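Participant: What shape does this take:
(chains A and B)
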Amino acid sequence: MNAVALVLRAGVRDLARNRWLLAYGIGLATVAELLFVFGGAGNQVVLSLLNATLLLVPLVALVFGTMHVYASREFIELLLAQPLPRPAVFTGLYLGLALPLAAAFLLGVGVPLALHGAASDVPVGALVALAFSGALLTATFAALAMAVALGTDDRLKGMSLSLGAWFLLTIGYDGGVLAIVSLFGDWPLDKAMLTLMLGNPVDVARVLVLTSLDAAALLGYTGALFRRALGGISGPALAVVALSLWCALPVFLARRRFLRRDF
Amino acid sequence: MISLDGLRKSYGPRTVLDGVSLALEPGRISALVGPNGSGKTTLIKCILGLARADAGRLLVDGVPVDEQGRYRARIGYAPQAPHFPGNLAVGEVFAMLRALRPGAPVDESLLDSFGLRAEWATPVGTLSGGWRQKVSLGAAWLFRPEALILDEPTAGLDPIAAGLFKHALRGFRAEGGTVLITSHILSELEELADDVAFLNEGKLRFAGPVGALLQQTGMRRLEPAIAALLRGLRVESGAVA
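Facilitator: A predicted model of the protein is given here:
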């Protein structure tokens, strides 16, 4: 087994027994179960799950990830004192954080879906899109958490930056977009809106799931634009590419910081 | 075995190591001493590649070390505040370390002396500070390294474990091992050390045998000798009249 796999295995073994991660998975499962029981038709359940995913996944990945990196500081030093190349240690640590978080999400949402999915009229494409978006958002925000925690030794500052990033990307950004729409409503904003939507991974994930639901009425203004401008297969394909690029960016940043910094 | 040649390190405007040159010889225990913030931990981290020096060279057996850090296979390191993933059992930590260096010779004598086998299934996060220190020292010792770098190794150890460790360290020296050790317990260093390196404000103010330091300062013990060195420096800099 190579160094990446060994560091990854240690991370997975540690986090698989982590109480907070267990609580996260159970919490998601409870929300999904309640939505299936009380949430109405299939599309509505997916929409409610989507909203919960878009808020919760980035928050948990950022807060948990930031705390985890700070708590692992001495373990990172121990690993770096071994005859291992730094890039391998980084990859192992990152995957050892992102994979257990993504697994908690997929199991938390996936088990109730598997139990109720066949009986409900939830489109399979939407479920795949939701799972893919949640997993990739987890990978994106876990990397962002690592980039933040590796960028400052001040834990309070690191946690504040992570919470600030969560607020900006999940709430603040949409507020800004709404403000632009209301201020410049008389202008042709179609292309600007599309660009703005691609400028935030949370919005990209939202659009990806919404377009897969094939429910134009639910898409809202920007979603409808997205579908009209990039109808058919190219819309979701563009969203998948954009989401992947959004994931690569913080991974690149965190890796660069890890390779350059002093421990 | 390990030589530092003009090592320089700054964090922003603060110079932490200012041209440190030092040789650590096989079969000798070198004590790294100095006031808080003098650069001891940074020096250790530069040797291990955890921090990168701005200038200067690190040589192992006269050869500059490579970027891949392969030389670290020859060094065992016990940090000042050891922490391992809290949910891993003690046995899992050692299994991971062994898997990271397949084929390397293993020496579990220190694990056995410390009685770590009894805690093999215990999650590391539930161990006391002293037991975590035992895990850390056992890990540093595991691959029978040629050099040991120990940052406050007996902090948190009970007297029996500290005694066992010091005995093992003497054996390691007798077999030609190289040791760099820091401790705030100067009596302990006096017991163990052959050489002293005294660091103050990033500069190496003394490096040589313990006997030479005692002779230079006219003291009989290490503690007053270090204090005399420090006083001399303060007088030099005009901080104390």
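Participant: all contacts plus neighbour counts: C-alpha atoms, from now on.
Facilitator: Fine.
Participant: and chain A, which residues reach chain B?
Facilitator: A:1-3, A:6, A:10-11, A:13-15, A:17-18, A:72, A:74-75, A:77-78, A:80-85, A:261-263 (CA under 8 Å from any CA of the partner chain).
Participant: Out of those residues, list just those in helices.
Facilitator: The helices, defined by DSSP state H, take in A:Ala3, A:Leu6, A:Ala10, A:Gly11, A:Arg13, A:Asp14, A:Leu15, A:Glu74, A:Phe75, A:Glu77, A:Leu78, A:Leu80 from the residues of chain A next to chain B.
Participant: How about B:Leu137, nearest residue that isn't a chain neighbour?
Facilitator: By the measure of CA to CA, 6 or more residues apart in numbering or on different chains, the closest residue to B:Leu137 outside its immediate chain neighbours is B:Ala78, 5.7 Å from it.
Participant: Quick check: the one you found touching B:Thr154?
Facilitator: No - with contacts counted by CA atoms under 8 Å, B:Ala78 stays clear of B:Thr154, the gap being 10.3 Å.
Participant: where are the low-confidence patches of the stretch 51-200 of chain A?
Facilitator: Counting by pLDDT under 70, the stretch 51-200 of chain A contains low-confidence residues at A:117-120.
Participant: Nearest spatial neighbour of A:Ser72, chain-adjacent residues omitted?
Facilitator: Closest to A:Ser72 by CA to CA, 6+ apart is B:Pro85, at 6.9 Å.
Participant: Strands of chain B, residue ranges please.
Facilitator: Using DSSP state E, the strands of chain B run over B:2-11, B:14-24, B:29-33, B:55-60, B:63-64, B:75-78, B:147-151, B:178-182, B:195-200, B:203-209.
Participant: Need the contact partners of stretch A:142-155.
Facilitator: Stretch A:142-155 is contacted by residues A:61-63, A:65-66, A:69-70, A:94, A:97-98, A:158-159, A:161-162, A:247, A:250-251, A:253-255, A:257-258, A:261 when judged by CA atoms under 8 Å, 6 or more residues apart in numbering or on different chains.
Participant: Any of these buried? List them.
Facilitator: Applying 16 or more other CA atoms under 10 Å in any protein chain shown to the contacts of stretch A:142-155, the neighbour count classes A:61-63, A:65-66, A:69-70, A:94, A:97-98, A:158-159, A:161-162, A:247, A:250-251, A:253-255, A:257-258 as buried.
Participant: Just the ones of these in helices?
Facilitator: Short answer: those in helices (DSSP H) are A:61-63, A:65-66, A:69-70, A:94, A:97-98, A:158-159, A:161-162, A:247, A:250-251, A:253-255, A:257-258.
Participant: ok, B:Met219 - contacts?
Facilitator: Contacts of B:Met219 (CA under 8 Å, 6+ apart): B:Ala225.
Participant: Can you tell me how far it is from B:Asp61?
Facilitator: 34 Å (CA to CA, to the nearest Å).
Participant: What is the burial count for the residue in chain B that chain A sits nearest to?
Facilitator: Scanning chain B for proximity to chain A using CA to the nearest CA identifies B:Ala51 as nearest, at 4.2 Å. For B:Ala51, the count of nearby residues is 17 (other CA atoms under 10 Å in any protein chain shown).
Participant: A:Leu189 too?
Facilitator: With other CA under 10 Å as criterion, A:Leu189 counts 15.
Participant: Show me what from chain B comes close to chain A.
Facilitator: So chain B meets chain A at B:45, B:48-52, B:68-73, B:77, B:79, B:81-88, B:96, B:99-100 (CA under 8 Å from any CA).
Participant: Drop anything exposed from those residues.
Facilitator: The buried subset of those - by 16+ other CA under 10 Å - is B:45, B:48-52, B:69, B:71-73, B:77, B:79, B:82-88, B:100.
Participant: who's the residue nearest the centre of chain B bridged to?
Facilitator: Most central in chain B under CA atoms, centre = their mean is B:Leu150, positioned 2.7 Å from the mean C-alpha point. Beta-bridge partners for B:Leu150, by DSSP bridges, are B:Ala78, B:Ile181.
Participant: Go ahead and confirm it touches B:Ala81.
Facilitator: No - if you go by CA under 8 Å, B:Leu150 and B:Ala81 don't touch, sitting 11.0 Å apart.
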